[in-house]
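Asks: sequence and predicted model, in that order:
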Amino acid sequence: MEAFEASRRRSTSASLRLALLQFVADPQWLIPSMIAPVIFGLVSFELFRGYGPYFLTYAILGAGMMSMWGQTLYGSGWATGQDRVFGTLEPTMQAPTPYLYVVLGRVIWNVLSGLLGGLIVYVVVVGAAGGPPALPDPVAFVVLFLFVMLTLAAVGVVFAAFYVYTRYAGFIQNIGEFAFYVGTGCMFPVVLLPFWTNPIALFFPPTWALDALRYASIPGYVGFSWGFWPDLAGAVATTAAYLALAGSIFHRVERHVLEVGNLADY
Amino acid sequence: MTEAAVPRASFGRTFWTNAIFAPRTTLGFMRIDFVLGTIFVIPLTQMVFFTFVVQLSGGANTSVDGLTQLQFTALGNAVATVTYSSVFSVCQTTDSEKQQGTMEHILVSPASRLALYFGRGLIPILISLATVSVGLAYAFLLFGVPVSASALPALAVSVVLTAFAMVGFGLLLGGVALYLRTSIILGNIFLFAGLLLSGVNFPLSALPGPLQYAGYALPLTWGLAAIRAAVLGQGLGSLGVLWAAVAAAAAISFGSAIALWEVFERRALATGSIARF
């Protein structure tokens, strides 16, 4: 049992280390996932300009979340897709350590680099605005921002399982990008969307976490009617559910692809 | 056998071969599911995203260049989605050639580069036309952008010219990418730069001076201006100037693409570094 745990820890740390080394060897790869968030942040800031002091917070939060989405989900999906192309997915899946622990190392790195991306977005948008946003409680903002990262990572782990299963990772990422931004209300409250979309949005932990973060950082914010604490509880519950499901989904996906034997097809 | 007698692929054959094969091989995102998603899903979600940002600001009904801010943004994003098929996927052809190991074969072949380039651009031009058309349909039907039947012919001319200019720009970036390790970064920059610099979401005049000049260097800026002018039913006098600007942007892009290809091709052959990526 101890040997298994050691192997899993080693797999995760080796995967994390490799992701870090690949980033250091070629840090330009941060740019593709940074371009869209920075530009969307600047465009939103310009559209919000003159309409109130707290819209800068909307722009920063939205763009920061996009950056993290890019790093967390794109990174996870991209890595699995590259494994498939390079022919390393099969040997990795055949190894005694579950693939989840390999992905976990990548997701941890993607979360860290996503934080770096979020910081870059913050600096650029604040630079364009000429000053930082008005935050009633900066500490709560930072803590909740980190929590939003965790909720995104939880989504990232579950998506990564499907990336093993599907050859449509690129399609999901590219076509689904704006849909995810709209659905989770990354730049505006989900309550602005038609009501029928709200239950769907609530399946995603970042929807809850972002609403809570806005309640904490934007005075007069009108989000879900239940307010900050239920938002936070919902975010914790859905994140826990995602993380709990991730192991089971990975296990099933691994079993299935090994049975079907079509892992190398792409 | 003299050099003149060596059989060479005709311009037409090279053109059609590239037109048919490029979408299946080197043009990223050219699988049918990607194409349908690019045409039908991306324009809608992108327009919804930015129009909700406008609604949140409370300035949806502010007047901007003859339209409300909401209509201005919806129309701008309907046209801007053309960059996915015209710039991003076309720009990536160079990467694909390098990764698949076919770049060296192309460089040593006697095929006409002009035919090769125009051939590759054919399908992206058609997809770009479809993307803009669907985006405009969303703008008219879902976002209340006003258009009269009499404006449709001018609109069609503007859309076709914009599609050509944007694909030319994609090929130009692909030419630059010949010299770079990868085109993905270049593709990503110009995929989204238009949203900020081309007057997609707000008038160019809202930008600082240097950024306005950068915007005027992008074909999307002129294409978008021509499409907006057509939608607003402006006369042939002002439309003609904008069409000339879009056509010039297309000609400059295609010409520069071919010139760049020749320069970097010579350099790559001299240094033997073409396969690096």
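Replies: Here it is on my side, so go on. Please read these numbers as outputs of a predicted model, since none were measured by experiment.
Asks: show me what from the stretch 1-150 of chain A comes close to chain B.
Replies: For the stretch 1-150 of chain A, the contact set with chain B under C-beta under 8 Å from any C-beta of the partner chain comprises A:28, A:31-32, A:35-36, A:39-40, A:42-44, A:46-48, A:50-51, A:55, A:58. No exception for glycine: its C-beta is placed from N, CA and C like everyone else's.
Asks: since we're on B:Ala247, how many residues are nearby?
Replies: A total of 15 residues lie near B:Ala247 under the criterion other C-beta atoms under 10 Å in any protein chain shown.
Asks: before we move on, what about A:Ala237?
Replies: A:Ala237: 12 surrounding residues under other C-beta under 10 Å.
Asks: hang on, the earlier thing: so which of the residues of the stretch 1-150 of chain A next to chain B are in helices?
Replies: A:31-32, A:35-36, A:39-40, A:42-44, A:46-48, A:55, A:58 (DSSP state H).
Asks: for the host helix or strand of A:Ala19, packing partners?
Replies: Using DSSP states H and E, A:Ala19 maps to helix A:2-25. Counting contacts by 3 or more C-beta pairs under 8 Å, 6 or more residues apart in numbering or on different chains; DSSP states H and E, helix A:2-25 packs against helix A:99-129.
Asks: ok, and the closest non-adjacent residue to residue 44?
Replies: Reading this off chain A. Excluding the flanking residues, the one nearest A:Ser44 by C-beta to C-beta, 6 or more residues apart in numbering or on different chains is A:Ala59, at 4.3 Å.
Asks: not quite, I wanted chain B
Replies: B:Tyr138 (5.5 Å).
Asks: and A:Pro132, by the same measure?
Replies: Per C-beta to C-beta, 6+ apart, closest to A:Pro132 is A:Val126, 5.3 Å.
Asks: next: B:Gln55.
Replies: That would be A:Leu192: by C-beta to C-beta, 6+ apart, it lies 6.4 Å from B:Gln55.
Asks: counting neighbours, what do you get for the one you found?
Replies: 15.
Asks: could you do the one 4 residues further on as well?
Replies: Around A:Trp196 there are 7 other residues, counting by other C-beta under 10 Å.
Asks: repeat that for the one 3 residues further on.
Replies: Residues lying near A:Pro199 (other C-beta under 10 Å) number 8.
Asks: tell me how far it lies from A:Tyr242.
Replies: A:Pro199 sits 17 Å away from A:Tyr242, going by C-beta to C-beta, to the nearest Å.
Asks: check which helix or strand the most centrally placed residue in chain B maps to.
Replies: The residue lying closest to the centre of chain B (C-alpha atoms, centre = their mean) is B:Met166, at 2.5 Å. Remark: B:Met166 resides in helix B:152-177, with elements defined by DSSP H and E.
Asks: isn't the residue nearest to the centre of chain B up against B:Gly223?
Replies: Yes - taking contacts as C-beta atoms under 8 Å, B:Met166 lies within contact range of B:Gly223: 6.7 Å.
Asks: give me the common contacts of the two.
Replies: Taking C-beta atoms under 8 Å, 6 or more residues apart in numbering or on different chains as the criterion, B:Met166 and B:Gly223 both touch B:Val82.
Asks: circling back to that earlier point, for the helix holding B:Met166, packing partners?
Replies: helix B:82-83, helix B:89-91, helix B:93-100, helix B:113-142, helix B:184-197, helix B:219-231, helix B:236-271.
Asks: tell me the gap between it and the middle of its chain.
Replies: 5 Å (C-alpha atoms, centre = their mean, to the nearest Å).
Asks: hang on, the earlier thing: what sits against the residue nearest to B:Leu44?
Replies: B:43-44, B:47, B:74, B:78.
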